[in-house]
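**Q** Fold the following.
(4 chains)
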2 protein chains.
Amino acid sequence: MRSDCPVNFAVEILGDKWSLVIMRDIMFWGKRTYGALLDRDEGISTNILAARLEYLEEQGLIRRKPDPKDKRKERFAATERGIDLIPIIVEMVAWSAKHEGWHALGPKGLPGQMRLIRRAVNTKNKFPTIEKFKEKVRKGGFIFEDFAP
Amino acid sequence: MRSDCPVNFAVEILGDKWSLVIMRDIMFWGKRTYGALLDRDEGISTNILAARLEYLEEQGLIRRKPDPKDKRKERFAATERGIDLIPIIVEMVAWSAKHEGWHALGPKGLPGQMRLIRRAVNTKNKFPTIEKFKEKVRKGGFIFEDFAP
DNA sequence: ATAAATAACTTGCACGATGCAAGTAAGATT
DNA sequence: AATCTTACTTGCATCGTGCAAGTTATTTAT
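**A** Sure, this is the predicted structure:
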């Protein structure tokens, strides 16, 4: 650790190009397997994904367990520590949405998802919305669950 | 840009080891010059700082102007786009404070600063506190102003 | 039962970001 | 005029990331 500052603490753990994107896929889009996490808009390499998943597990942000039906598969889920990243991710969405350069969820963004995000972003007191998000993920669901294609 | 997702948008701009730490120093600690930004707990290299400041300016998060009194110096300040990072930084502080591994601001953390941070972190509705932070920075001040050593 | 497909990786190599140490040029101080 | 301060740059080593290809275990298809 470079310092005792809590901003630095978070940046040292989360400050890379993939950690928060992977957590987004697990908690917002309900991706549960290596294959599902590979198949993303951003296009991650197989070695990078494997390394990042191992790292996120080390950091206690996700946990994995073998799929009981298919022995080739592993299933990833967010831990409570990972679920607590939701406020950071929501504030990042709010920042991106507020400033130019963002095209509103892109081709995969369904109207319902966009409304959900816009509500989360435009509400001044985000606490109740974020608690609902967390509760959904804690119960094994994911945030865009009701709007999945 | 790797995708249209607003999470990815923020991660591509902010997802490195220094951008948010530098924004913290400017907005929370009131550091205004290259020399002041060099002198940090984390210890940044001179070339990295120069490159990051140029990058943050390109991204519209900070602006610089020459010091009228000392022609060697430049003074850095956060733009409105940079000020809008405060909610993200506050949520990162909240996340770090909630989970183990963080030692509460370290040796430089004065009691007043720690109280300020704890209040920001423990309040469910962070909106009013964050608005006060933003207003202070907009007026040319910084968040720990009243508690500076 | 055998062959093909799928899932989750690993390996090798290139490139860009980061980190350290030393040097430089303009302006301020003595 | 000499020294100090400020804001850099340069050269080099290392680490994180990215691409392409290969590997192993398991499942599905024939």
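
**Q** quick one: the host helix or strand of A:P87 near chain B?
**A** In this assignment (DSSP states H and E), A:P87 forms part of helix A:86-98. Yes. Against chain B, helix A:86-98 shows contacts by CB under 8 Å from any CB of the partner chain at A:P87, A:I88, A:I89, A:E91, A:M92, A:V93, A:A94, A:W95, A:S96, A:A97, A:K98. C-beta here means a position set from N, CA and C on the backbone, and glycine is covered the same way.

**Q** Take those residues and write them to a markdown table, including pLDDT and neighbour count.
**A** A markdown table is the format used below for these (pLDDT from 0 to 100; neighbours: other CB atoms under 10 Å in any protein chain shown):
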| residue | pLDDT | neighbour count |
| --- | --- | --- |
| A:P87 | 98 | 23 |
| A:I88 | 98 | 23 |
| A:I89 | 97 | 25 |
| A:E91 | 97 | 26 |
| A:M92 | 96 | 26 |
| A:V93 | 94 | 23 |
| A:A94 | 93 | 22 |
| A:W95 | 94 | 22 |
| A:S96 | 92 | 25 |
| A:A97 | 88 | 19 |
| A:K98 | 88 | 14 |
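
**Q** Return the closest of those with respect to B:D4.
**A** Comparing those against B:D4 with CB to CB places A:S96 closest, at 10.0 Å.

**Q** Contact partners for the most centrally placed residue in chain A?
**A** Central residue of chain A (CA atoms, centre = their mean): A:R24, 1.6 Å from the mean position. When contacts are counted by CB atoms under 8 Å, 6 or more residues apart in numbering or on different chains, A:R24 touches A:I89, B:C5, B:V7, B:N8.

**Q** Can you give me the neighbour number for the closest residue to A:R2 other than its chain neighbours?
**A** Residue nearest to A:R2 in three dimensions, not counting chain neighbours: B:E42, with 3.9 Å by CB to CB, 6 or more residues apart in numbering or on different chains. Applying other CB atoms under 10 Å in any protein chain shown, we find 17 residues neighbouring B:E42.

**Q** What of A:V121?
**A** Burial of A:V121 is recorded as 18 neighbouring residues (other CB under 10 Å).

**Q** for A:R63, same thing?
**A** A:R63 has 13 nearby residues by other CB under 10 Å.

**Q** Tell me the secondary structure at it.
**A** Under DSSP: H, G, I helix; E, B strand; the rest coil, the three-state class of A:R63 is strand.

**Q** Please list the residues of chain A that sit near DNA strand C.
**A** A:33-36, A:46-47, A:50-51, A:53, A:67, A:70, A:72-74 (CB under 7 Å from any atom of the strand).

**Q** What ranges does chain A have for its helices?
**A** Secondary structure of chain A, counting by DSSP state H: helices at A:6-14, A:19-27, A:34-38, A:46-58, A:80-83, A:86-98, A:111-122, A:127-138.

**Q** Contact partners for the closest residue to A:I86 other than its chain neighbours?
**A** Excluding the flanking residues, the one nearest A:I86 by CB to CB, 6+ apart is A:F133, at 5.2 Å. Applying CB under 8 Å, 6+ apart to A:F133 gives the contacts A:M27, A:I86, A:V90, A:A120, A:I143.

**Q** Next, the contact list for A:T79, please.
**A** Taking CB under 8 Å, 6+ apart as the test, what A:T79 contacts is A:G60, A:L61, A:I62, A:R63.

**Q** re earlier: could you find the lowest-pLDDT member of the contacts of A:R24?
**A** Lowest pLDDT of these: B:C5, 89.

**Q** how deep is that one tucked in, by neighbour count?
**A** 27.
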